[in-house]
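Engineer: One predicted model, sequence on top.
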Amino acid sequence: MIGGLVATLAGSAWARAALRYGVIALTILLFLLSLRRSGERAGRLAERLETMEKTHDAQRRMFEAAARRPRSRDDLAQRLRDGQI
């Protein structure tokens, strides 16, 4: 009984058209959801990259400051006397 009903519906032109449009709509929906997920992931990666760039910039500035620091108390005293600090 149910098999006959399915065969009848699958055999009718309007049912085939409805099924075709349903499959197309589902495909488009899945594609759009996939695009959204990809966009969210790209946004998270961009945010991570920006954070890493800020961190590296801060580290670079700290390393440059450390390279310019006086090596000993005598060096510090000499710089203070010369007015370089």
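Structural biologist: Structure received.

Engineer: From now on I want contacts and neighbour counts done on CA atoms only, so please keep to that.
Structural biologist: OK.

Engineer: ok, and the helix or strand in the chain with the lowest average confidence?
Structural biologist: Across the helices and strands of the chain, mean confidence by mean pLDDT, DSSP states H and E is lowest for helix 2-11: a mean of 61.

Engineer: ok, then the element right after that one?
Structural biologist: Sequence order places helix 13-68 as the next helix or strand after helix 2-11, per DSSP states H and E.

Engineer: What is that following helix packed up against?
Structural biologist: Judged by 3 or more CA pairs under 8 Å, 6 or more residues apart in numbering; DSSP states H and E, helix 13-68 is in contact with helix 2-11.

Engineer: How far away from the center of its chain is stretch 22-39?
Structural biologist: 19 Å (CA atoms, centre = their mean, to the nearest Å).

Engineer: buried stuff in it?
Structural biologist: By neighbour count with 16 or more other CA atoms under 10 Å, stretch 22-39 contains no buried residues.

Engineer: Restrict that stretch to CA atoms and write it as CSV.
Structural biologist: The C-alpha trace of stretch 22-39 is given here as CSV (Å, rounded to 0.1, in the frame of the first residue of the first chain):
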residue,chain,number,x,y,z
GLY,A,22,13.5,20.5,-2.8
VAL,A,23,16.9,19.0,-3.6
ILE,A,24,18.1,22.2,-5.2
ALA,A,25,16.9,24.3,-2.2
LEU,A,26,18.6,21.9,0.2
THR,A,27,21.8,22.0,-1.8
ILE,A,28,21.8,25.8,-1.8
LEU,A,29,21.1,25.9,2.0
LEU,A,30,24.0,23.6,2.7
PHE,A,31,26.3,25.6,0.5
LEU,A,32,25.3,28.9,2.3
LEU,A,33,25.9,27.3,5.7
SER,A,34,29.3,26.1,4.5
LEU,A,35,30.1,29.6,3.3
ARG,A,36,29.1,31.0,6.7
ARG,A,37,31.3,28.6,8.5
SER,A,38,34.2,29.3,6.3
GLY,A,39,33.7,33.1,6.8
